[in-house]
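# This is a predicted model, with the sequence first.
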Amino acid sequence: MALLTIHEPGQTPLPHEEERKLAVGIDLGTTNSVVAMSRDEKSEVLRNPDGGSAIVPSVVHYASDGTVTVGEAARDLIDSQASQVVSSVKRLMGRGLEDVKSVAGTLPYHVEIPDAPTGDDAASAGPQMVRLNVGNRVLTPVEVSADILRALKARAEAALEQDVDHAVITVPAYFDDAARTATKDAAKLAGIEVLRLVNEPTAAALAYGLDNGAEGLYAVYDLGGGTFDISLLKMQKGVFQVKSTGGDAALGGDDFDHAIVENILAARKADGIDDTIDASAAKRLLKVARAIKEALTARDQVDVAVDINDSETTHSITRAGFDAMIVKMVERTVSITEQVLDDADVLPEDIKGVVLVGGSTRVPAVRAAVASLFGQEPLSNIDPDEVVAVGAALQAEALTGGSDNLLLDVIPLSLGLETMGGIVEKVVDRNTPIPVAKGQEFTTYQDGQNAMMIHVVQGEREMVDQCRSLARFVLSGIPPMAAGAARIRVEFQVDADGLLTVSAREETTGIEQEVAVKPTYGINEIDMANMLRDSMVNARGDMELRLLTEARVEARRNILAVQAAMKADAELLDEGDKNTIAAAIAELEAAMQGDDRQIINDLAEALETASRPFAEKRMDRGIRRALAGQNVNSVRT
Ligand code: ADP
Ligand code: MG
């Protein structure tokens, strides 16, 4: 089983949508979600027809009668109907049962962990899906996310007074393939076609128009309610690449609320009041603390009265006092950021711009810490709750043809196929913008070959064993044909999310096989850089080896063809012909053991010369046979 290149018919980009469709941008957040719409590169967040907040809490309530409520109203029921409300479902997207066990206890609802399937089921089930017991229903995270997306779609349709079927949805940069696929599945369930999944930090950078600005490195600092994420983006020719990411999935504004609660309880204890409180009092106090925190963003001091356990106390909390309560947590975000910079070999002063995302970046102490770390004022004039949705909306407009500054991701490393002798035939070159579809035709190497191994690889080197193997599959059922007669078209398609599908089709019979792979999965920047460096360092040697291998493959093919002909038409050969050809083959085979491709090529030509008389006899006879029984007129045309 082998492959041999015939020709490359060229590239056909995926067809563009003819008609202009309406597409929105959706920030599908852990705590809150936002939907926005852009026209003429001006985007606005969409609110309910009666105005109000753009923020839709990512909370869903499932009533016993089947009614589903999303957002503010659902969040108001968290305390009274805890078992029927789902929040923070994003933390479960694409998670296998194993990793969910670790977060299950921290979620307010029951996560069902079914027994592992056995027998046939185990093989076909794939990764086990997490299920949630909510009220009397059993739901997957994808279904819950779909309910949130349905609510956002409805909000957009009400605000825009027309159908909305397309969206760009943002996901955290660290989301893996499974979580991205789960997000797309949720959209499909909600009747939304995803134009593209965009990384949240990339969307934030787009909102600030950084794609139109100077090339270089940018940092996106995202501090939300429960999570902290820091991302370094590299902008080059209008294209963002996530260079590295870091964060803490259990650090956010909610922890600031807890710090205030502890501070209040400690002050009460100092006054001799019992500091043990029950769950409902704790919830009430957390709400008060959150209000204090948010008020301190605009004011220097907040006074509150706290009445729990039948004793009322008054507290005066100053901005400086609050800053002291959270200083350790803010420092932690700074040290994580320093670590990420360090890992990427980047100094804070190398960063061209810093973008703030997430409600907690409104806290003045947080802004000050970020500004001092990078030695520059972070960008903050777009609402940090809305900036991701705004960027997604701009991207949605660009993808629907509303603007010509289309953000394109590129293929980081070339994609190709293994051909005879372990040579890599590149099909899609590195830095090709996605989405892209490219095809190439291959043929069989041997007479009667009925199967072909399709081996998909990634990398810049010329030989397969120095590239990364992505997938292998066999195209079988090729009808018996002479070597080189079968036409196998191999098609590479990389969609907007970087998912690669490779299909192989034998054109005369239509038999087809395909396989889907994620080329960037499991590969990091460092591996990538190493692979690129190796390819440059070894370029000359690789090319020599490739040419030598090609010479050997070509020589072997000639020998096989001559031997097949000698067997088929032995009666046309006299002893002299036979000996000359055999000698030429022996000489060529000896040269093929060596490393001199010039000698191999010369001796391959010598074999051709030696077998020419025989080839001519075969041709003569072939023509005579073809003419037999036909009159001259019918062949003259
Ligand atoms: P997530 O990304 O987790 O969905 P958000 O980005 O919406 O969360 O951020 C929510 C957090 O932002 C909450 O902890 C909230 O208290 C905090 N927050 C919102 N407004 C302010 C404010 N004015 N000052 C301080 N914190 C705020
Ligand atoms: Mg967020």
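That came in fine, so what should we check first? Ligands and ions are numbered 1, 2, ... in the order given.
# Ile599 is in contact with Gln593, isn't it?
No: counting by C-beta atoms under 8 Å, Ile599 stays clear of Gln593, with 10.7 Å between them. In this view, the C-beta of every residue, glycine as well, is placed from N, C-alpha and C.
# Between those two, which is the more surrounded one?
Ile599 (16 against 8; other C-beta atoms under 10 Å).
# Checking the more buried one next. Helix, strand or coil?
helix (DSSP: H, G, I helix; E, B strand; the rest coil).
# Give me the distance between the residue in the chain that ligand 2 sits nearest to and His315.
Per C-beta to the ion, the residue of the chain with the smallest distance to ligand 2 is Gly224, at 4.0 Å. Separation of Gly224 from His315 (C-beta to C-beta, to the nearest Å) stands at 26 Å.
# Show me which of the two is the more surrounded one.
Gly224 (22 against 17).
# now the strands for the stretch 151-300 of the chain?
For the stretch 151-300 of the chain, the strands defined by DSSP state E, counting those that start in this stretch cover 166-171, 193-199, 216-223, 228-236, 239-248.
# So which bits of the longest helix anywhere in the chain are buried?
Using DSSP state H to define each element, the chain has its longest helix at helix 539-568. Residues of helix 539-568 classed as buried: 542, 545-546, 548-559, 561-562, 565-566 (neighbour count, 16 or more other C-beta atoms under 10 Å).
# domains of this structure?
Here the domain parsing of the chain from automatic domain parsing is 19-116+125-251+328-409, 411-537, 540-627.
# worst average pLDDT in those domains?
Lowest mean pLDDT within the domains of the chain: domain 411-537, a mean of 79.
# How far off centre is that one?
19 Å (C-alpha atoms, centre = their mean, to the nearest Å).
# near ligand 2, which residues of this protein show up?
Residues of the chain found near ligand 2 (C-beta under 5 Å from the ion) are 29, 224, 358.
# Check the contact between the last one and Gly224; I expect there is one.
Yep, that's Gly358 we're talking about. Yes: judged on C-beta under 8 Å, Gly358 makes contact with Gly224 at a distance of 4.0 Å.
# joint contacts of the two?
The contact sets of Gly358 and Gly224 overlap at 252-253 (C-beta atoms under 8 Å, 6 or more residues apart in numbering).
# Just want the residue of the stretch 101-250 of the chain that's nearest ligand 1.
Gly224 (2.4 Å; C-beta to the nearest ligand atom).
# Now do the same contact list for that residue.
Gly224 touches 29-31, 252-253, 357-360, counting by C-beta under 8 Å, 6+ apart.
# Check the gap between it and Asp211 for me.
24 Å.
# now do Asn450
50 Å.
# Could you pull up the contacting residues of Leu415?
So Leu415 contacts 426-428, 456-458, 470, 492, 494, 500, 519 (C-beta under 8 Å, 6+ apart).
# ok, now with 10 Å
When contacts are counted by C-beta atoms under 10 Å, 6 or more residues apart in numbering, Leu415 touches 424, 426-430, 432, 436, 438, 456-459, 467, 470, 492, 494, 500, 502, 517, 519.
# can you check Thr318 too?
Thr318 makes contact with 296, 299-302, 324 under the criterion C-beta under 10 Å, 6+ apart.
# how about those residues in CSV, adding distance to ligand 1?
Formatted as CSV, the contacts of Thr318 follow (distance: C-beta to the nearest ligand atom, whole Å):
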residue, distance to ligand 1
Leu296, 7
Arg299, 11
Asp300, 14
Gln301, 15
Val302, 12
Ala324, 16
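# how about those residues, which pair is most distant?
Arg299 and Ala324 (16.7 Å; C-beta to C-beta).
# picking up where we left off before, contacts with ligand 1 among the contacts of Gly224, please.
Filtering the contacts of Gly224 for neighbours of ligand 1 using C-beta under 6 Å from any ligand atom leaves 29-31, 252-253, 358-360.
# Now list the buried members of those.
Here, 16+ other C-beta under 10 Å leaves 29-31, 252-253, 358-360 buried among the ones next to ligand 1 among the contacts of Gly224.
# SS state for the closest residue to Val168 other than its chain neighbours?
Distances taken as C-beta to C-beta, 6 or more residues apart in numbering put Ala396 closest to Val168, at 4.1 Å, once the chain neighbours are dropped. Following three-state DSSP, the label given to Ala396 is helix.
# I figured Ala396 was touching Glu41, is that so?
No: with contact defined as C-beta atoms under 10 Å, Ala396 does not reach Glu41; the gap is 11.5 Å.
# Have a look at those two and say which one is more surrounded.
Ala396 (27 against 14).
# any idea how far Ile478 is from Asp177?
32 Å.
# ditto for Ile292
The gap separating Ile292 from Asp177 is 42 Å, by C-beta to C-beta.
# The two - which one has more neighbours?
More crowded of Ile292 and Asp177, by other C-beta under 10 Å: Ile292, with 22 against 16.
# confidence score at that one?
97.
# ok, now which ones touch it?
Here Ile292 is in contact with 256-257, 260-261, 263-264, 299, 302-304, 315, 317, 322 (C-beta under 10 Å, 6+ apart).
# Just these: which are in helices?
Among these, the residues falling in helices (DSSP H) are 256-257, 260-261, 263-264, 322.
# which two from those residues end up farthest apart in space?
Phe256 and Ile264 (13.1 Å).
# The two: which is more packed in?
Phe256 (27 against 21).
# Could you report the separation of the more buried one from ligand 1?
7 Å (C-beta to the nearest ligand atom, to the nearest Å).
# circling back: most neighbours, which of the contacts of Thr318?
Leu296 (23 neighbours).
# My guess is it contacts Arg319. True?
Yes: the criterion here is C-beta under 10 Å, and Leu296 meets it with Arg319 at 5.2 Å.
# Overlap in contacts, these two.
302, 363-365.
# Just the buried ones from those residues, in PyMOL syntax?
Applying 16+ other C-beta under 10 Å to those, the buried members can be selected in PyMOL as follows:
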select buried, resi 302+363+365
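# if you look at the shared contacts of Leu296 and Arg319, which of them are in helices?
Using DSSP H, the shared contacts of Leu296 and Arg319 in helices are 364-365.
# Tell me which two of the shared contacts of Leu296 and Arg319 sit farthest apart.
Val302 and Ala365 (15.0 Å).
# residues in the stretch 501-637 of the chain within reach of ligand 1, list them.
Looking at ligand 1, no residue of the stretch 501-637 of the chain is close enough under C-beta under 6 Å from any ligand atom.
# measure Glu331 to Ser88 for me?
Distance from Glu331 to Ser88, by C-beta to C-beta: 26 Å.
# which one of these two has more residues nearby?
Between Glu331 and Ser88, Ser88 has the larger neighbour count (other C-beta under 10 Å), namely 19 against 11.
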